[in-house]
Each structure stands twice: as structure tokens, then as C-alpha cells.
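Asker: compute the structure for the input listed below.
(one chain, ligands or ions: 1)
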Amino acid sequence: MAEAIVELRNVNIYQGESLILQDVNITVNRGEFVYLVGKTGTGKSSLLKTMYGDLTLKEGEGVVVGYNLSELDWKKVPYLRRNLGVVFQEFQLLTDRNINENLKFVLRATGWKDNKLMDEKIADVLDKVGLKTKGFKMPFELSGGEQQRVDIARALLNSPKLILADEPTGNLDPETSDEIMQLLFNISRDYGTSIIMATHDYPVINKFPARTIKTERGKVWDNATISIG
Ligand SMILES: Nc1ncnc2c1ncn2[C@@H]1O[C@H](COP(=O)(O)OP(=O)(O)OP(=O)(O)O)[C@@H](O)[C@H]1O
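Answerer: Numbers count the residues shown, from 1 in each chain. From the prediction side, this is the model:
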């Protein structure tokens, strides 16, 4: 039977007092790739934030990578975050240290202690994103596409079952976007990672078709269509 990685039932999503999305019902299974589309301001980021515990779930039920969002107090949010990876449009690398040190900083912050294990893990994730030889580079020495790969490597550090990506190709030229998409699709296929990606980039969706969920008029519309197989 399919393993649900994200399960939202009758969820209402608020920003402050404003109801942004009503009666959201979504199931995302292990290894699925799902796009999240919709006009600007229709609630894509709010939906992702609910999934990674940045917005509190007030109404409805939600389970993400085994964590019950309704019971998620601030103490449990870091545990949820360790079990999923987040990739943003803006690269959030620390500019004063090289890529290896950037990744080690994240590992330490998530409880890793053994230096040898950390070095092995860093080599492993850099290899997965095709940056095996770039660990000693400073962030400014990398192209935009390479920086986005590092961001994906960072998201992979704790072997998450789920990656949430908010406009990961937003700053990239079409060719580099295709490379990043291929990488995300390969990760989903090879490691069974579920990926939910918010995007406005329709050429990317046409080229890499997958199930597409849309936010519109305060609702989420799920037209589960093409699977990437
Ligand atoms: N921190 C906040 N406080 C109050 N309102 C917010 C906050 N963040 C977002 N909103 C409002 O919630 C609504 C949904 O915003 P959200 O960022 O989720 O949309 P989006 O679909 O991700 O947009 P975009 O494509 O521009 O990123 C908008 O009306 C926005 O103004």
C-alpha cells in the first residue's frame, strides 16, 4: 500500500485572521513529485509553511512525515524540520565560509557530533547533486545553478522523506532550470523522496510533467494527472 508522506484533511489555512485556503484535502505518497501552482498571493507559500510548521495548523487535521501538525508545539517543530528538506528561491548560504563548512554548520545545528560521519555525509550529498569537487569553494565562487545545487544538497543532509521547494528555479535561466529539475526528479526517483514544488515556471512543468495542484479562489484544486513513473 502507498505510504502517505503528507496527509491534510479539511484544513483551513490562515494568515493572521484572514482565511487564505479553505477545506484543503491533499495526500502525497512516498516518492511522488507534485507541483503547486497558482497566481501570486493565492496561498502556495502559506500551504508549504503549514507543512513545515511555520504556520500553526488551527483547523483540520494534518500529518507530515509522521508528525501530527495539530499537536506540533514549538518544541517539536525542529524534529519535524529534521525530517524534511526545504529549498527556497533565495540561496541561504553563509557567505563567510566554504560549502563544506556551510553544510557542516547545518549538520551541527541538527544534532550531529561525529566529525568523520559529518564529512562522509557532506561528501555524499555533494556527490548526489553533482558537486563532488566543489566543497572547498566559497559561495561567491559558485554560479547560481551551483548554489541552488548546494541548497538541494543541504536539504538532503538528514535523508528526508519529503522536500518542499518554493520556486527553486525562480532565479535561474532556462537551461540551468532544466538541470535543477532533472536533479530533483532524479532524487525523487532514486531515493523515493516526495517532492512538493511551488512554481510559476510553466515551461518547466511542460518539460517535466507531474501531478499538479493549484491554489485558486481560496481553494486547492488537485488534478492528479501524470505520474513520472
Ligand atoms: N506573514 C504574513 N502575514 C500576513 N499575511 C500574509 C503573510 N504572508 C502572506 N500573507 C498573505 O497571505 C496570502 C497568501 O500569500 P502566500 O505568500 O501564501 O501566496 P503565494 O501563492 O505563495 O504567493 P507568491 O506566488 O507571490 O509567493 C496573501 O494575501 C498574502 O498577502
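Asker: from here on, contacts and neighbour counts on C-alpha atoms
Answerer: Noted.
Asker: got a list of what the residue nearest the centre of the chain touches?
Answerer: Of all residues in the chain, the one closest to the mean position by C-alpha atoms, centre = their mean is Leu164, 1.9 Å from it. Applying C-alpha atoms under 8 Å, 6 or more residues apart in numbering, we find Leu164 in contact with Leu48, Leu84, Gly85, Val86, Val87, Ile195, Ile196, Met197.
Asker: 7 Å - rerun?
Answerer: Applying C-alpha atoms under 7 Å, 6 or more residues apart in numbering to Leu164 gives the contacts Leu48, Gly85, Val86, Val87, Ile195, Ile196, Met197.
Asker: assumed Asn12 was part of a strand.
Answerer: Yes: counting by DSSP: H, G, I helix; E, B strand; the rest coil, Asn12 is located in a strand.
Asker: that one: what's it in contact with?
Answerer: Leu21, Gln22, Asp23, Val24, Glu59, Gly60.
Asker: mind giving me the PyMOL command for buried ones among the residues you listed?
Answerer: Command for PyMOL that selects the buried part of these, burial taken from 16 or more other C-alpha atoms under 10 Å:
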select buried, resi 21+22+23+24+60
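Asker: and Ile122, how close does it get to the ligand?
Answerer: From Ile122 over to the ligand the distance is 30 Å, taken as C-alpha to the nearest ligand atom, to the nearest Å.
Asker: hmm, I typed the wrong one, I wanted Leu131.
Answerer: From Leu131 over to the ligand (counting by C-alpha to the nearest ligand atom), the distance is 29 Å.
Asker: for that residue, which three-state class applies?
Answerer: Three-state call for Leu131 (three-state DSSP): coil.
Asker: phi, psi of it?
Answerer: phi -120, psi 40 (degrees, to the nearest 10).
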